[in-house]
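> my questions concern the predicted model and sequence given below.
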Amino acid sequence: MKLRIVIFWVAASLCLVALLFAQRQMMLDNVREELDAEAQVQAEILARSLVRTLLDARVETDADIDEFLVRQPVFDFMENRSVLACAVYGKDRLLEAQMRDADGNLAPLDGLASPGMCEWTERLVTDTGEEMGKVWIALDPAPWQARMQKISDKSLWHMVPLSQAGAVAFFVMGLLVLWAGRRKQYVRDQG
């Protein structure tokens, strides 16, 4: 009888630990999705602001969107340190593309392959509905990865509120097992 109680206690404890780790993983997945959505929103807002800047510059100069018109707004836009790369396309070609290198300096963008970066593409459309090109930006993933890592590094005890309740339940189950074993031994000794 005592062996069955101990086996039950161990099995219940293992199930509890498995549930705690599963809950922690679900919480991490939810946080990752929220951070990705937040990054996408920020990328969209930044891309739209660059599109507005380019369209305003086009109206002020009364010129078509070309290399000369987009160069300075792109360099001004890249002063935002959260932007890792930016490219502006005309109707048929790349007009300007810059990226931030490892040292934080600007360099011409060679390719648009960017695994793991939050990207957004926004069309350059005038008030009359004429499409002039598109803007592509990529955000620096480092701040998002750092936030995710900070959350991932939290211990299970601090991250999952159920872990506190699980620890108390584990302690109470242990006391019940010991009490049941002692009581049975007491009854045998008396009888």
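On my side now, so go ahead.
> how about low-confidence regions in this structure?
Flagging of the chain using pLDDT under 70 yields the residue ranges 1-2, 5-6, 111-117, 155-168, 170-171, 175, 177-178, 181-187, 191.
> tell me which stretches of it form helices.
Taking DSSP state H, the helices of the chain run over residues 2-61, 67-77, 142-152, 156-159, 161-190.
> for Glu122, name its beta-bridge partners.
Val135 (DSSP bridges).
> against Asp62, how distant is it?
In this structure, Glu122 and Asp62 are 23 Å apart, going by Cβ to Cβ, to the nearest Å. C-betas here are computed from N, CA, C, even on glycine.
> over to Lys134?
As judged by Cβ to Cβ, Lys134 and Asp62 stand 22 Å apart.
> likewise Val125?
Where Asp62 is concerned, Val125 sits at a distance of 18 Å (Cβ to Cβ).
> the two: which has the busier surroundings?
Shown here are Val125 and Asp62; by other Cβ atoms under 10 Å, Val125 has more neighbours (14 against 6).
> quick one: the more buried one and Met132 touch, right?
Yes - using Cβ atoms under 8 Å, Val125 is in contact with Met132, at 7.1 Å.
> so who does the spatially most central residue of the chain touch?
In the chain, the residue lying closest to the centroid (Cα atoms, centre = their mean) is Leu35, at 3.4 Å. Residues counted as contacts of Leu35 (Cβ atoms under 8 Å, 6 or more residues apart in numbering) are Trp144, Arg147, Met148.
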